[in-house]
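Q: quick check, what structure comes out for this input:
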Amino acid sequence: EEDLLIGNEKNSNSRIVAGTYLIEDYKNHGYLKRKTKIDSTSVPGRISWSDTINKTYPYISHGKPVYLRPVVKASVQDPENIIFRIHRNIIAECASQWGWLLGLPPEDYYEELLPISNQKAIALMKNELAQTFVQRDINVIKLIIQYLSAKTGTESSFKYEVLATPHFYFIWEAICGYIFDNSYQIFKSIVPNPLWVGESINTKFSQRPDIFFKVHNCLCIIDAKYYNYHESLPGWHDLVKQMFYKYTVAQNLKTRKGKSVLPGIENIINLFALPDDTGKDINYLGYVHFSEIEGLGKVYYFGVNIKLALKLYGHRKEGNLKQNLLDYIYKLEGGE
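A: Numbering: from 1, shown residues only. Okay, the predicted model is just below:
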């Protein structure tokens, strides 16, 4: 995991790591500030009486000169400073590549072409580091050097970069939601929520099924589980939760509100969606139920071709996974 996140001898991830830290710093503190001194009559600063007298014309009031717009000496951000421009360039580049992940819309940042090479920019930054004593600036400059060094190495070789997460089950939920056209946000009002009532507590919390979708007179409730089904299957709490979803939703569909939100529902199907590597688009694996209590119904579990699912999700393409799943369900529920 650390090799994937930080890098090793085969891949160079330091650009991603440095870039994400630079973006977080920028969101909190903005660009590196590099000042230049100017003479101006429109910004606040220390009045230069010699320049005011020599460069402006006074108004004479009661025989005395009055300077309405004195010349001041001020320090302002230098937009042409090369350190500032390098920092701004890197932030824009990071926003265009990883802004979607870190809360920076790429269209808000102009990625200019720097007048110097990456190697010269690194040399400038190293020189700047030797003259800087502000801790925040030191940290940012080190990250910029790391970023540019990794970028130079990536451009001059055939190494690759990897963006990894140890929490892929969240992504698997998003993938299954995409390929099965999740309609939970549309139908969530029919999912009943428990309510605590008591002397000191009066609050509520919500049930939150992963995926809802309706086909004709059937409502499907899917729990996306990123499990290796060859080694383990969803446990007791997953099974009970899924059956409780079905029971409470079925009761709510009998009410006037439920009938108005989802009219004509005759069957509710419970499923687990697991990643599958057998090559089948949809691989029916079986079901789980209480043999003595058939009223709770079955929870089917299917394998979903993970490579195909990733491809469809990554390229935002439509596929036949949902229809293939529905065909299986139709047969299992007694269709022809």
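
Q: can you map out the helices along the stretch 101-250 of the chain?
A: Using DSSP state H, counting those that start in this stretch, the helices of the stretch 101-250 of the chain run over 118-130, 135-155, 168-179, 184-187, 236-252.

Q: any chance of those in CSV, plus mean neighbour count and mean pLDDT?
A: All C-beta atoms are positioned from the backbone trio N, CA, C, and that covers glycine. As requested, the helices of the stretch 101-250 of the chain are arranged in CSV below (neighbours: other CB atoms under 10 Å; pLDDT from 0 to 100):
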stretch, mean neighbour count, mean pLDDT
helix 118-130, 16, 92
helix 135-155, 18, 85
helix 168-179, 18, 92
helix 184-187, 14, 83
helix 236-252, 16, 89
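
Q: how about those in JSON lines, adding distance to Ile83?
A: Output for the helices of the stretch 101-250 of the chain, formatted as JSON lines (distance: least, CB to CB, whole Å):
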{"stretch": "helix 118-130", "distance to Ile83": "6"}
{"stretch": "helix 135-155", "distance to Ile83": "8"}
{"stretch": "helix 168-179", "distance to Ile83": "38"}
{"stretch": "helix 184-187", "distance to Ile83": "46"}
{"stretch": "helix 236-252", "distance to Ile83": "54"}
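
Q: for Lys64, which of those is the nearest?
A: helix 135-155 (47.1 Å; CB to CB).

Q: name the helices or strands packed onto that closest one?
A: Here helix 135-155 touches helix 14-29, helix 82-102, helix 118-130, going by 3 or more CB pairs under 8 Å, 6 or more residues apart in numbering; DSSP states H and E.

Q: quick one, the first one and helix 135-155 angle?
A: Orientation of helix 14-29 against helix 135-155 (axes from the mean of the first three to the mean of the last three CA atoms, to 10 degrees) gives an angle of 150 degrees.

Q: per-residue confidence for the residue nearest the centre of the chain?
A: Centroid-nearest residue in the chain: Leu101, 3.6 Å away (criterion: CA atoms, centre = their mean). Note on Leu101: pLDDT of 74.

Q: make 664 the starting number, not 1.
A: Noted, 664 is the first residue going forward, which turns the last one into Leu764.

Q: any idea how far it is from Thr828?
A: 10 Å (CB to CB, to the nearest Å).

Q: same deal with Asp688?
A: 22 Å.

Q: those two: which is more packed in?
A: Asp688 (17 against 11; other CB atoms under 10 Å).

Q: for the more buried one, what are its contacts?
A: Contacts for Asp688 (CB atoms under 8 Å, 6 or more residues apart in numbering) come out as Arg799, Asn802, Val803, Leu806.

Q: just Gly966 next, same as before
A: Tyr892, Leu937, Pro938, Asp939, Thr941, Lys943, Ile945, Asn946, Tyr947, Leu948.

Q: with adjacent residues omitted, what lies nearest to the first one?
A: The reference is to Tyr892. Computed as CB to CB, 6 or more residues apart in numbering, the closest residue to Tyr892 that is not its neighbour in sequence is Leu937, at 4.9 Å.

Q: rebuild the helices and strands packed on helix 798-818 as CSV, extending it with distance to Gly726.
A: Output for the helices and strands packed on helix 798-818, formatted as CSV (distance: least, CB to CB, whole Å):
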stretch, distance to Gly726
helix 677-692, 52
helix 745-765, 48
helix 781-793, 54
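
Q: mind checking which of the ones you listed is nearest Phe850?
A: Comparing the helices and strands packed on helix 798-818 under CB to CB, the one sitting nearest is helix 745-765, at 27.6 Å.

Q: so how far is the closest one off the chain centroid?
A: Centroid separation for helix 745-765 versus its chain: 17 Å, with CA atoms, centre = their mean, to the nearest Å.

Q: contact partners of it?
A: 679, 682-683, 685-687, 689, 694-697, 740-742, 767-769, 771-775, 777, 779, 784, 787-788, 791, 803, 807, 810-811, 826.

Q: hmm, who's touching stretch 842-853?
A: 839-840, 872-877, 882-883, 885, 912, 915-916, 920-921, 924-925, 936, 967, 972, 975-976, 982, 984-985, 988.

Q: return the subset of these lying in strands.
A: Judged by DSSP state E, the contacts of stretch 842-853 include Ile874, Phe875, Phe876, Lys877, Leu882, Cys883, Ile885, Ala936, Val967 as members of strands.

Q: quick check: the third one touching Cys883?
A: Right, the one you point to is Phe876. Yes - applying CB atoms under 8 Å, one finds Phe876 in contact with Cys883, separated by 5.4 Å.

Q: hang on, Lys994 in a helix?
A: Yes - secondary structure of Lys994, determined by DSSP: H, G, I helix; E, B strand; the rest coil: located in a helix.

Q: neighbour-wise, which of the contacts of Gly966 leads?
A: Using other CB under 10 Å as the neighbour test, the contacts of Gly966 are led by Leu937, with 24 neighbours.

Q: mind listing the residues bridging to that residue?
A: For Leu937, the beta-bridge partners under DSSP bridges are Gly966.

Q: ok, it - contacts?
A: By CB under 8 Å, 6+ apart, the residues touching Leu937 are Lys888, Tyr889, Tyr890, Tyr892, Leu948, Tyr964, Phe965, Gly966, Val967.
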